[in-house]
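> need the 3D shape of this:
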Amino acid sequence: MTRRHAAPAATVVLAGGHESDGGRDLAALVEREPTVHAAAAVGRPLAEAVRSALAAADGPVCVVPMTLGRDPGLVADAARALRWLADGEVRGRLALTEPFGGRDHLVGWLRAAAGAHGADGPGPGGALLVTAPAAGPFEDADLFRTARLVRQYGRHRWVEVAFAGGDPDPAEGAERCRLLGARTVTAVPASFGPALRAGLPGVRDGGPLLGPAAIAGVVAARTAAALHLLGHGEDGILAGPDAEHGHGYAHSHGPGGAHTHGHGPGGTHGHTHTHGHRLQAPVPVPAAVPVPSGGRLPAPLPHGHRHVHTQPPQH
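Reported below is the predicted structural model:
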């Protein structure tokens, strides 16, 4: 009887951006999870961490872009850092996973956090202050959209936004809540870090957005999906730079407003992005989006960037 040997488990490297302070806010996960080799900022630190993981591991290495949806460039930056490593003897051992989460996941996680902290009834009562590190103007503006959806489908009368190192800062955001009539203010982070880097008088720290077990579960799910694709010859690195499309200033591609990206040698279909006016009607949010358990995530809601798969032209 032939005994089958299990494939070696994947070694994981976490790619961090402004949502995790360049990966520093993920240090506890690295210490907790034996399969997580390192957390590093994109660019040279990420490339060096991946090179170290490849040298230390016998099996595949998966890089997980640790974004909650506020860092659309993280996936593309990670792909560029990995592209030169993906050739030669490491081909078939290195994969870039899907991002940890998206904007619609963030709405659900913040709603769950808001529900956990409750509200002081339907009248004047509690306010939720969503905090995050300041990023670019589009990322910061999008957090106001997220906060509006959390308020629309939650129980808090006020859901305000504040940025560490930005405008408004947490102290200004808390003061706005009080001026609006809030009796209590609870800060919840839209990031992997703490809600408040320093305490604020009269503001309750709502703790982390996701617990360590929930984060580890999602990372494991992303890694498992990437390993499946890697077994079919898809490492996610070639397609990674396309993740930036649809963010920032709207742009046109001329008459028809569409362009097609190939998927490299062996690709089975084209990938068409349709551009134009990206403002659409508000997307409804389900009545309840649970915090992930065991890595299971709700499917992302559709948004303004449509992807249409088309067959390649026949020659």
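> CA only for contacts and neighbour counts going forward, please
OK.
> what is the helix or strand containing Ala224 packed up against?
For Ala224, the host element (DSSP states H and E) is helix 212-230. On a contact count with 3 or more CA pairs under 8 Å, 6 or more residues apart in numbering; DSSP states H and E, helix 212-230 meets strand 61-65, strand 94-96.
> low pLDDT regions in this structure?
1-8, 86-89, 119-124, 240-315 (pLDDT under 70).
> now the helices for it?
27-32, 44-56, 73-83, 103-117, 137-152, 170-180, 212-230 (DSSP state H).
> between the fourth one and helix 137-152, how big is the angle?
Spelled out, it's helix 103-117. Counting by axes from the mean of the first three to the mean of the last three CA atoms, to 10 degrees, helix 103-117 lies at 40 degrees to helix 137-152.
> and helix 103-117, which residues are buried?
103-114, 117 (16 or more other CA atoms under 10 Å).
> closest to Thr223 among the residues you listed?
Distance to Thr223, by CA to CA, is smallest for His105 among these, at 17.8 Å.
> pretty sure the closest one is touching Leu68, no?
Yes. Using CA atoms under 8 Å, His105 makes contact with Leu68 at a distance of 7.3 Å.
> so Ala39 makes contact with Ala28?
No. Using CA under 8 Å, Ala39 is not in contact with Ala28; the gap is 9.9 Å.
> reformat the helices of the chain as JSON lines; add distance to Gly202.
Listed next are the helices of the chain as JSON lines, based on distance: least, CA to CA, whole Å:
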{"stretch": "helix 27-32", "distance to Gly202": "28"}
{"stretch": "helix 44-56", "distance to Gly202": "39"}
{"stretch": "helix 73-83", "distance to Gly202": "35"}
{"stretch": "helix 103-117", "distance to Gly202": "15"}
{"stretch": "helix 137-152", "distance to Gly202": "21"}
{"stretch": "helix 170-180", "distance to Gly202": "9"}
{"stretch": "helix 212-230", "distance to Gly202": "27"}
